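Colleague: For reference, the sequence and a predicted model appear below.
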Amino acid sequence: DTGVSQDPRHKITKRGQNVTFRCDPISEHNRLYWYRQTLGQGPEFLTYFQNEAQLEKSRLLSDRFSAERPKGSFSTLEIQRTEQGDSAMYLCASSFRLAAPYEQYFGPGTRLTVT
Amino acid sequence: AQSVTQLDSHVSVSEGTPVLLRCNYSSSYSPSLFWYVQHPNKGLQLLLKYTSAATLVKGINGFEAEFKKSETSFHLTKPSAHMSDAAEYFCVVSDWTGGGADGLTFGKGTHLIIQP
């Protein structure tokens, strides 16, 4: 068990550029979640996948945000036309749907800075 | 809808004294409740979880939490604080209804400061 990994750990981009983050879950976990954490706040749920199916995406912050998990393994989160308000920590978590509650294991996060 | 209120944004205690971090929740269903800890530049780590079994839950590093349905509370305690406990603590609720989104709802966090 190598844990949840995220890449990159830090990203600095200019306003208007597109960015993509990657998350690799724990290998046997079939559920994958994305959260955003702004300074001084708790993480905010964005979306989640069970295998390759995206089962909830209504919490994505705008249509500039999208996520994929094409083969049910790693996932990517893309932000198009970044804005300064997108600066935050983006967290990924994974869990195994065996029984409630779905204990989630978090990665170290990708810190995005939009200049 | 579910929500979590952490009653203190900062708590400061002396090393060796008890820790109390307060949390109240709101949930439409029988909730699952968690406490996570976040050390600087590290990922979130699960401390403990409540799953409708025992109301007193023991976690890692000597932490405990008690689920009180009548008070809708899930306070985190530790008998004796250690310097390594200094971190951000999040109370978290999950409404598991067997379907739909089961993303976690986090409180705003409590920053625990340990005085030497």
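Modeller: Thanks, I have the structure now.
Colleague: Against B:E64, how distant is the residue most central in space within chain A?
Modeller: Nearest to the geometric centre of chain A sits A:W34, at 3.1 Å (Cα atoms, centre = their mean). Using Cβ to Cβ, to the nearest Å, A:W34 is found at 31 Å from B:E64. Using the backbone N, CA and C atoms, a C-beta is placed for each residue, glycine as well.
Colleague: Just list the residues touching A:T113, thanks.
Modeller: A:T113 makes contacts with A:H10, A:K11, A:I12, A:T13, A:S87, as judged by Cβ atoms under 8 Å, 6 or more residues apart in numbering or on different chains.
Colleague: Just want the phi and psi numbers for it.
Modeller: Main-chain torsions, A:T113, degrees, to the nearest 10: phi -120, psi 120.
Colleague: Which positions in chain A make contact with chain B?
Modeller: A:3-4, A:33, A:35, A:40-46, A:48, A:55-56, A:58-59, A:91, A:93, A:100-109 (Cβ under 8 Å from any Cβ of the partner chain).
Colleague: Quick check: closest non-adjacent residue to the residue nearest to the centre of chain A.
Modeller: A:L46 (4.4 Å; Cβ to Cβ, 6 or more residues apart in numbering or on different chains).
Colleague: Let me have the contacts of A:T113 in JSON lines, extended by neighbour count and pLDDT.
Modeller: Converted to JSON lines, the contacts of A:T113 look like this (neighbours: other Cβ atoms under 10 Å in any protein chain shown; pLDDT from 0 to 100):
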{"residue": "A:H10", "neighbour count": "10", "pLDDT": "96"}
{"residue": "A:K11", "neighbour count": "18", "pLDDT": "97"}
{"residue": "A:I12", "neighbour count": "12", "pLDDT": "98"}
{"residue": "A:T13", "neighbour count": "16", "pLDDT": "97"}
{"residue": "A:S87", "neighbour count": "16", "pLDDT": "97"}
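Colleague: Could you list the paired strands of the least confident helix or strand in chain A by mean pLDDT along with their orientation?
Modeller: Least confident helix or strand of chain A, by mean pLDDT, DSSP states H and E, is strand A:53-56 with a mean of 84. Strand A:53-56 has the following sheet partners, assigned by DSSP bridges: strand A:44-50 (antiparallel).
Colleague: what does the strand it pairs with rub up against?
Modeller: Under the contact criterion Cβ under 8 Å, 6+ apart, strand A:44-50 has outside partners A:30-38, A:54-57, A:59-61, A:65, A:67, A:69, A:72, A:75, A:77, A:97, B:101-106.
Colleague: Let's see it as PDB, backbone CA atoms only.
Modeller: Written as PDB, here are the backbone C-alpha positions of strand A:44-50 (Å, rounded to 0.1, in the frame of the first residue of the first chain):
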ATOM      1  CA  GLU A  44     -14.900  21.100   0.000                       C
ATOM      2  CA  PHE A  45     -16.200  18.000  -2.000                       C
ATOM      3  CA  LEU A  46     -16.200  18.400  -5.700                       C
ATOM      4  CA  THR A  47     -16.800  15.100  -7.400                       C
ATOM      5  CA  TYR A  48     -16.400  11.400  -7.200                       C
ATOM      6  CA  PHE A  49     -16.000   8.300  -9.300                       C
ATOM      7  CA  GLN A  50     -16.900   4.700  -8.700                       C
END
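Colleague: Show me how far it is from its chain's centre.
Modeller: 7 Å (Cα atoms, centre = their mean, to the nearest Å).
Colleague: again with stretch B:30-50
Modeller: Mean C-alpha position of stretch B:30-50 versus that of the full chain (Cα atoms, centre = their mean) differs by 7 Å.
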